[in-house]
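Colleague: Sequence first, predicted model second:
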Amino acid sequence: MTDRRMTTPQSPLRRRILAAGLALSLMSGVSTAALAQDYDVLIRGGMVFDGTGAEGKTADVAIKGERIVEVGVIPATATAATVVDARGKYVSPGFIDPHSHAAPAIGTPELAAAIPILYQGITTVMINPDGGGPGDLAPQIADIETHVPGVNVVPMIGHNGVRRDVMGLDNRKPTAAELASMGRLVKQAMDLGAFGFSSGPFYIPGKFSETSELVALSKVAAEYPNAFHISHVRDESSYDVGVLGAIEELIEVSRQTGITGVVTHMKMLGPSVWGQSEQAVEMINAARAEGLSIWADQYPYAASGSSLQSSLVPGWAQEGGPEATVKRLQNPEQRALIRQEMVANLERRAGANAIMIRNFRADPSLNGMRLDEIARRNLQDPLDTAIDMLIKGGSSIVSFNMNEGDVERLMQQPWTMTSSDGALVAFGVGGEHPRAYGAFPRKFRRYVMEREVISMAQAIHSSTGLAAQVFAITDRGVIAPGAYADVLVFNPETIRDVATYQEPHAYSEGMEYIFVNGKTALSAGKVTDERHGRVLRRGQ
């Protein structure tokens, strides 16, 4: 979209006049149309960060219908159904989350409102990351549209979903016919309006694919304008190809197909790869210099979230899914082989103390405890405790495995977007990673306000306009006339995450007003009863 940045006042006199609240335009001039019309929403006097990366400037923002119609100084005579006094507050585009596990919950009547997501300031989520989601998107989209989401939803088509539909959980290459069937599912989803192709070759069944399979399916997606391949890369640690080899695989897919490539929730997982963010940055910069469109997103935590099975069990032992894995673990000979390989995997995860149990349905009293703590209580080796838990159904985990230096280096890159990797769950139910409630506010509080790792302008751009640009989400992610009115008004003094690892169910604070498609979604700090999101489809 055309860049309509506001010009910066130059003279001290102008700055004094603005501080006094006088009507001096921040733009080339005040539209005469504003004198004759009312608005649905008028946001007065906030510090506007427009999402382009420009510094904030004091301005008014007017909304009519679902679009922003004016940005600048709007005459005092203008009226609106809703007037927000934003003096002392920041105004920005609604945040865009390129890695959200809001589905399938957002397609249910109980959770369609997406309340934990809204309290973070997120107005658009991209679903089916990590190659996840169904192979056929039609029922999923129908469910979301039926229940009307509280935020906008961007569907992606996942590699694991289409592979599972065609090949089950088999550990083998696809036949030519099976690859063609997977390609048809990708095409079907893109025709339905999916924005791009997601993969997760760290997880089964994508773990059993080769690069050529990802290339073939990315080529199908690449036939559509502005499509992309976003991937939970094959290895974020040193399991097999290593994190640098996995990033190189993503780059190679883009090299062979021309498709935009995104390393999702980019990280250096475990002590064995701490510090390799420097080489990873060099690799991505070199690929970009080559002319490839390579990007990343990142959540602002030093702990990841996964499952016991995917984190500790070797890939070959996961073939067939959890039930097949349990049968292998109940066989003494296979258990011994699996356990032997789990030793190194536990080390990659920084040891048993670095694993917190999140959702162990067989015994919820263990939720929030560390694996080594449970093992001591059971008088066991942690690996045997983990195996016993796997046999009883397994558990999701929080894994404390990252280095702050890597987190900050990746965050500072101009090609890194903000994401949450958060699920959408019922408040207070089960264990959860705090990112589901606090990812975006945490970035602003911890890394902008407290640690000054990046500027406010960069943090907002990485959470708004950058994602809209990379994923071609038309007319969103910016504060400009003509853009959709996904708009935040937040208090820079109070914005913060409240959720913690021990108490993850806590809404973030600091959002004062949120507008989704021009309608009020949060007023005076509270989510409203009505929902105003929609499913966005590619090209619409």
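Modeller: Alright, I've got the coordinates. Numbering: from 1, shown residues only.
Colleague: show me the contacts for Ser420.
Modeller: Asp97, His99, Ser100, Gln120, Ile122, Tyr299, Arg435, Ala436, Ala439, Phe440 (CB atoms under 8 Å, 6 or more residues apart in numbering). Every C-beta, even on glycine, is put in place using the N, C-alpha and C of the backbone.
Colleague: Which two of those have the greatest separation?
Modeller: His99 and Gln120 (13.3 Å; CB to CB).
Colleague: who has more neighbours, those two?
Modeller: Comparing His99 with Gln120 by other CB atoms under 10 Å, the one with more neighbours is Gln120, at 31 against 27.
Colleague: Helix, strand, or coil at the more buried one?
Modeller: coil (DSSP: H, G, I helix; E, B strand; the rest coil).
Colleague: pLDDT wise, what is it at?
Modeller: Looking at Gln120, its pLDDT stands at 98.
Colleague: now Gln540
Modeller: Confidence score, pLDDT, at Gln540: 77.
Colleague: now Lys519
Modeller: On the pLDDT scale, Lys519 is placed at 98.
Colleague: what pairs with it across the strands?
Modeller: Val516 (DSSP bridges).
Colleague: What lies in contact with stretch 265-272?
Modeller: 99, 232, 236-238, 243, 274-277, 280, 296-299, 304, 347-350, 399, 401-403, 406-407, 410, 416, 419, 421.
Colleague: In strands, which of the residues you listed appear?
Modeller: Ala296, Asp297, Gln298, Ser304, Ser399, Thr416 (DSSP state E).
Colleague: distance of the first one from Ile204?
Modeller: Between Ala296 and Ile204 the distance, using CB to CB, to the nearest Å, works out to 24 Å.
Colleague: go on, Glu512?
Modeller: In this view, Glu512 and Ile204 are 44 Å apart by CB to CB.
Colleague: which of the two has more neighbours?
Modeller: Ile204 (25 against 21).
Colleague: pretty sure that one is touching Glu319, no?
Modeller: Yes. Assessed by CB atoms under 8 Å, Ile204 is found in contact with Glu319 at 7.0 Å.
Colleague: overlap in contacts of the two?
Modeller: Shared contacts of Ile204 and Glu319, defined by CB under 8 Å, 6+ apart, comprise Leu169.
Colleague: Now the closest residue to Pro104 other than its chain neighbours: phi and psi?
Modeller: With CB to CB, 6 or more residues apart in numbering as the criterion, Pro104 has its nearest non-adjacent residue at 6.7 Å, and that residue is Gln140. Backbone torsions for Gln140, taken as degrees, to the nearest 10, come to phi -60, psi -50.
Colleague: quick one: contacts for Gln140?
Modeller: Counted by CB under 8 Å, 6+ apart, Gln140 has contacts Ala103, Pro104, Gly107, Ile127, Asn128, Gly133, Pro134, Pro155.
Colleague: hmm, 10 Å instead?
Modeller: 103-104, 106-107, 127-128, 133-134, 153, 155, 161, 189, 535 (CB atoms under 10 Å, 6 or more residues apart in numbering).
Colleague: what does Lys519 give?
Modeller: Here Lys519 is in contact with Asp40, Val41, Ile63, Gly65, Glu66, Thr82, Ala485, Thr528, Glu530, Arg531, His532, Gly533 (CB under 10 Å, 6+ apart).
Colleague: Tell me how far it lies from Leu169.
Modeller: Distance from Lys519 to Leu169, by CB to CB: 43 Å.
Colleague: now swap in Leu42 and tell me
Modeller: 55 Å.
Colleague: likewise Leu488?
Modeller: 42 Å.
Colleague: what about those two, which has more around it?
Modeller: Neighbour totals were compared for Leu488 and Leu169, and Leu488 leads with 32 against 18 (other CB under 10 Å).
Colleague: Could you verify my assumption that that one touches Thr464?
Modeller: Yes. The criterion here is CB atoms under 10 Å, and Leu488 meets it with Thr464 at 9.0 Å.
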